[in-house]
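one predicted model, sequence on top.
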Amino acid sequence: MSRALGLTTSNTGYSTKKVQESAEFLKSKISIFPKIGIICGSGLSGIGDLVENKLVIKYEEIPSFVTSTVPGHKGQLVFGQLGGKDVMCMQGRFHPYEGYEAWVVGFPLRVMKLLGIEIVLITNAAGGINEKYSVGDFMLIKDHISFPGFGGFNTLRGHNDDSFGPRFPPMSDAYDKNLRQLMHESAKEANVDQYMRDGVYCQVAGPNFETIAELRMLRTLGADAVGMSTVQEVVTARHCGIRVVACSLVTNKCVLDYDTGLAPNHEEVLQTGKERAQAMQLLVTCFLRKLSLS
Ligand SMILES: O=P(O)(O)O[C@@H]1C[C@H](O)[C@@H](CO)O1
């Protein structure tokens, strides 16, 4: 708070009390406490459908949770087992373009932290900028560029709760090296390594898809794929010490040339998700099987 001028910060961001209320509610419903969180991207909610011995909790039942408004995002938490591990799976995420503040988008990660989650596996649908990428490829995220973040739309903006993490957390180690290595090994085992890329994910605010000039700029800046999510989740997770592994499904090729007549659309994104659902599920399941927890 800036009291000297009689001012207060306009947005204090996370309310620890609200995070605790959500976590307490969930603790009252579950009997097994998973160490792994999963976030399903657009069209990828099938990962959550595979969870065994499911306990499903709708977002609207959870205190202080908002709802998913985007087709392809079911808006529910699934607790159970996948790949032999206890997991907590978000079937549906929150995006800035839905009108949610950045801290609201990151909120579930703080709830995960209070529930004891140590690793989060994040998936998303993204447009392929790198010309070597094909529709249906997976891109293991090695780093990110956040346009909303540069613009001040940062999940950590406002009051810092030191009990979660430091005011100025590093992001140079955002994507865990060992988990990425394990994901590559899992891709080999799942026989999908021929589709596996390593790349830089760029988050834009959306909801419109990018112009050709914007995409050319992103390509020049080193982005391999572009999407409208993930970064607020990653930053919130890393701030409170949750390890992150994140994988994009390239659902469409970005249109980088004029006069092609091509235009991306959400139906195409969901369709690719459907077509590659099984491969993604296999990859995730293999990864979970190989993962050893402390
Ligand atoms: O939630 P993700 O990032 O997987 O969804 C992407 C970005 C937009 O929400 C949508 C565009 O089709 O897919």
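On my side now, so go ahead.

contact residues of the chain facing the ligand?
Residues of the chain lying close to the ligand by Cβ under 6 Å from any ligand atom are 41-42, 70, 93, 95, 124-125, 206, 227-229, 266, 269. C-betas here are computed from N, CA, C, even on glycine.

in the stretch 1-150 of the chain, what residue lies closest to the ligand?
At 2.9 Å from the ligand, G41 is the closest residue in the stretch 1-150 of the chain, using Cβ to the nearest ligand atom.

is that residue in a helix, a strand, or coil?
With DSSP: H, G, I helix; E, B strand; the rest coil as the basis, G41 sits in coil.

so it makes contact with A125?
Yes. Counting by Cβ atoms under 8 Å, G41 touches A125, with 4.9 Å between them.

what residues are shared contacts of the two?
Residues touching both G41 and A125 comprise 248-249, 273, with contact defined as Cβ atoms under 8 Å, 6 or more residues apart in numbering.

so which of those belong to strands?
248-249 (DSSP state E).

who wins on neighbours among the shared contacts of G41 and A125?
When those are compared by neighbour count (other Cβ atoms under 10 Å), L249 ends up highest, at 30 neighbours.

ranges for the strands of the stretch 151-294 of the chain?
For the stretch 151-294 of the chain, the strands defined by DSSP state E, counting those that start in this stretch occupy 196-203, 225-227, 243-253.

no no, the stretch 1-150 of the chain
Using DSSP E, counting those that start in this stretch, strands in the stretch 1-150 of the chain cover 36-39, 52-58, 76-82, 85-91, 119-128, 138-146.

helices of this protein, start to end?
Secondary structure of the chain (DSSP state H): helices at 16-29, 46-49, 102-115, 147-150, 177-189, 212-221, 231-239, 266-290.

with mean pLDDT added, can I get those in TSV?
Shown next, in TSV, are those (pLDDT from 0 to 100):
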stretch	mean pLDDT
helix 16-29	94
helix 46-49	94
helix 102-115	95
helix 147-150	93
helix 177-189	97
helix 212-221	97
helix 231-239	98
helix 266-290	93
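
among these, which is the most enclosed?
helix 231-239 (a mean of 27; mean count of other Cβ atoms under 10 Å).

and the angle from that helix to strand 138-146?
Here the directions of helix 231-239 and strand 138-146 differ by 90 degrees (axes from the mean of the first three to the mean of the last three Cα atoms, to 10 degrees).

mind checking pLDDT for N265?
As predicted, N265 sits at a pLDDT of 88.

surely I141 meets V250?
No. Counting by Cβ under 8 Å, I141 sits too far from V250 to count as a contact (11.9 Å).

so what's E214 closest to, chain neighbours aside?
With Cβ to Cβ, 6 or more residues apart in numbering as the criterion, E214 has its nearest non-adjacent residue at 7.7 Å, and that residue is V204.

what about the one you found, distance to G127?
V204 sits 10 Å away from G127, going by Cβ to Cβ, to the nearest Å.

out of those two, which sits in the more crowded spot?
G127 (27 against 22).

contacting residues around the more buried one?
Contacts of G127 by Cβ under 8 Å, 6+ apart are 209-210, 215, 225-227, 250-254, 264.

nearest residue to H184 other than its sequence neighbours?
Leaving out its chain neighbours, H184 is closest to M196 (Cβ to Cβ, 6+ apart), at 6.6 Å.

spatially central residue for the chain, please.
Here the mean C-alpha position of the chain is nearest to the C-alpha of T230 (Cα atoms, centre = their mean), at a distance of 3.5 Å.

my guess is it contacts H144, does it?
Yes. The criterion here is Cβ under 8 Å, and T230 meets it with H144 at 7.3 Å.

which neighbours do those two have in common?
Both T230 and H144 are in contact with 201, 203, where contact means Cβ under 8 Å, 6+ apart.

quick check: bridge partners of the nearest residue to L55 once chain neighbours are set aside?
Among residues not flanking L55 along the chain, F79 sits closest, at 4.4 Å (Cβ to Cβ, 6+ apart). For F79, the beta-bridge partners are L55, M88 (DSSP bridges).
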